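Trainee: Fold the following.
(2 chains)
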Amino acid sequence: MKVSVGVATMLLLSGVALAQQAPEEDPIARYLYPPDVIMAHSQELGLQEKQRTAIKNEVQKAQSTFFDLQWQAREETEKMIRLLQQSPVDEAKVLDQADRVMALERQVKRTHLSLLVRLRNLMTPEQLSRLRSLREKR
Amino acid sequence: MNDDRDLRDAFAELRNAESRSAAPFRVPVLTRTPRRGGLLRWSVVAIVLMVAFGVLLRDETQVRSDDTPISEWRAPTDFLLLTPGVELVQTLPRLEPQIPAMKGDRS
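Mentor: So this is what the prediction gives:
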């Protein structure tokens, strides 16, 4: 009787714990792994030299694009701020400028997503499952 | 005497009829033993129900998490703007002169 009550309590607690598991924060990011995470765990993942080189090349390529795009985005944002400081605010001009800023943001996101997908595709299934468990531990 | 015998026979007949339909003594003894098994069975049923309840609760939480209010909505691709090395573009290095503190200098 005591044993079954104990087991029942344990299972009840585990059931509640199961219920309380927080859902993943980001629906897309949970499937992707940033390059710094991969490189920080390169030993645990058993990265091959070929993989390291490929990751480095992809990151370097993406980073030069990021730098250009982010620089442009800053300039376009400053222009938009100046437009917003006027009184009255010219709505049409602000929206045009916002389109420019958002177009640059879109390019940044696209380049970043492309990098993350390529990095993911460079990983073996074992490395991916290791990365998944490393993320769960954090 | 004859009446007594008749009476005894009638009672014997009644007893026989009664004993045929009555449950044997062994039955109540046997039913006591599976009571422990029954308790165990109920415990197992209770445990299964509790776990099922937990799983249902979890599904419910997941459904609710998809159903977040619009004020808490976050663009699902926003994390892509946080590119590796973004801090290099967002900040400029501050070069401050490194003057060693002098004796008696409180600043």
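Trainee: Next one: residue 14, what pLDDT does it get?
Mentor: I went with chain A, as the question did not name one. Note on A:Ser14: pLDDT of 49.
Trainee: actually chain B
Mentor: Listed pLDDT for B:Leu14 reads 88.
Trainee: do the same with A:Ser4
Mentor: For A:Ser4, the predicted pLDDT is 54.
Trainee: do you know how far A:Ser87 is from chain B?
Mentor: A:Ser87 sits 29 Å away from chain B, going by Cβ to the nearest Cβ, to the nearest Å. Every residue, glycine included, has its C-beta placed from N, CA and C.
Trainee: any idea which helix or strand carries that residue?
Mentor: A:Ser87 is part of no helix or strand, with elements assigned from DSSP states H and E.
Trainee: give me the number of residues near it?
Mentor: The number of residues packed near A:Ser87 is 5, by other Cβ atoms under 10 Å in any protein chain shown.
Trainee: ok, now A:Arg106?
Mentor: A:Arg106 has 14 nearby residues by other Cβ under 10 Å.
Trainee: Ok, A:Thr53 next?
Mentor: Quick note: A:Thr53 (other Cβ under 10 Å) scores 10 neighbours.
Trainee: For the closest residue to chain A within chain B, grab the count of nearby residues.
Mentor: Proximity of chain B to chain A (Cβ to the nearest Cβ) peaks at B:Gly54, 2.3 Å away. Neighbour count of B:Gly54, defined by other Cβ under 10 Å: 20.
Trainee: Low-confidence bits of chain A, can you list those?
Mentor: Scanning chain A with the threshold set as pLDDT under 70 gives A:1-25.
Trainee: Nearest spatial neighbour of the residue nearest the centre of it, chain-adjacent residues omitted?
Mentor: Geometric centre of chain A, nearest residue: A:Ala29, 4.4 Å, by Cα atoms, centre = their mean. Nearest residue to A:Ala29, sequence neighbours excluded (Cβ to Cβ, 6 or more residues apart in numbering or on different chains): B:Phe79, at 4.8 Å.
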